[in-house]
Structure formats: structure tokens, C-alpha cells
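*Asks:* Quick check, what structure comes out for this input:
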Amino acid sequence: MMVIVVENAPPRLRGRLAIWLLEVRAGVYVGDYSSRTRDMIWNQVESLIGKNGNAVLTWSTNTESGFAFDTIGNNRRTPVDWDGLPLVSFYPKEKPVKSI
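*Replies:* Next comes the predicted model:
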């Protein structure tokens, strides 16, 4: 099982993902493929996401947590490996600049 979630993705990428995966919500794609096909799909996401988009890929695997994930693009969340346990770290929100 794999899940890809995209934000600010160009229509070309969304259409490409809809060919291989089922879009269950806007920007949320699910499917069940081999690791080779999953890597091919993720390579398409990486090449087509653009500079403003971001995406996360999650897939089932034989680990303690039962899944693994990868991200691409600008996002406040970033994956962190904490002694073999996948966690998510948050960047702080940017404070607005006050004008005088």
C-alpha cells in the first residue's frame, strides 16, 4: 500500500498520478504497487512537482512502525530518523515583519 499527498501540484502531475493511483480526496492518491513501480512514480513526482509544490509518499514496509515515508518540496514538516523510528519535525512559523 502506498499513499501520495500533494499540495500546490501542477495539473500535469495530478493527471499523471491519476493514471496510476486512485485520487480519494483532492491531492490524496492511493495504490498498491511493487517497490520498483513506487520508485518510478516517486521519480515522476520529484521531476514534476515544481518549485512551489510539495509532496509526501508513505508506503507499507517491514519495520517497527509498519511504514516509511519520504517528502519533497517546501513544507514546515521534515522527516527525522530518531534511532530507527521515523518522526516528523516542525519548522517554526515565520513571524510577520512589522513595518514602521
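
*Asks:* Longest helix in this protein, by number of residues?
*Replies:* Of all the segments of type helix in the chain, defined by DSSP state H, the longest one is helix 35-48.

*Asks:* so after that helix, what's the next helix or strand?
*Replies:* Per DSSP states H and E, the first helix or strand lying C-terminal to helix 35-48 is strand 54-60.

*Asks:* Flag the shaky bits of this protein, pLDDT-wise.
*Replies:* Along the chain, segments meeting pLDDT under 70 span 94-100.

*Asks:* let's see it at 80
*Replies:* Residue ranges of the chain with pLDDT under 80: 75-79, 81, 83-86, 90-100.

*Asks:* In it, mark out all the helices, start to finish.
*Replies:* 11-20, 35-48.

*Asks:* can you state the direction angle for the shortest one and strand 54-60?
*Replies:* For the pair helix 11-20 and strand 54-60, the angle between their directions (axes from the mean of the first three to the mean of the last three C-alpha atoms, to 10 degrees) equals 20 degrees.

*Asks:* tell me what helix 11-20 is packed against?
*Replies:* strand 2-7, strand 28-31, helix 35-48 (3 or more C-beta pairs under 8 Å, 6 or more residues apart in numbering; DSSP states H and E). Any C-beta I mention is one placed from the backbone N, CA and C, and that applies to glycine too.

*Asks:* closest one to residue 92 among the ones you listed?
*Replies:* Using C-beta to C-beta as the measure, strand 2-7 is the one of those that comes nearest residue 92, at 19.3 Å.

*Asks:* Convert the C-alpha atoms of stretch 63-70 to CSV, please.
*Replies:* Taking Å, rounded to 0.1, in the frame of the first residue of the first chain, the C-alpha atoms of stretch 63-70 are listed here in CSV:
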residue,chain,number,x,y,z
THR,A,63,9.7,-2.0,10.2
GLU,A,64,8.7,-1.5,13.8
SER,A,65,6.2,1.3,12.7
GLY,A,66,5.0,-0.7,9.7
PHE,A,67,5.5,2.2,7.3
ALA,A,68,8.1,4.5,5.8
PHE,A,69,7.8,7.9,4.2
ASP,A,70,9.7,10.5,2.1
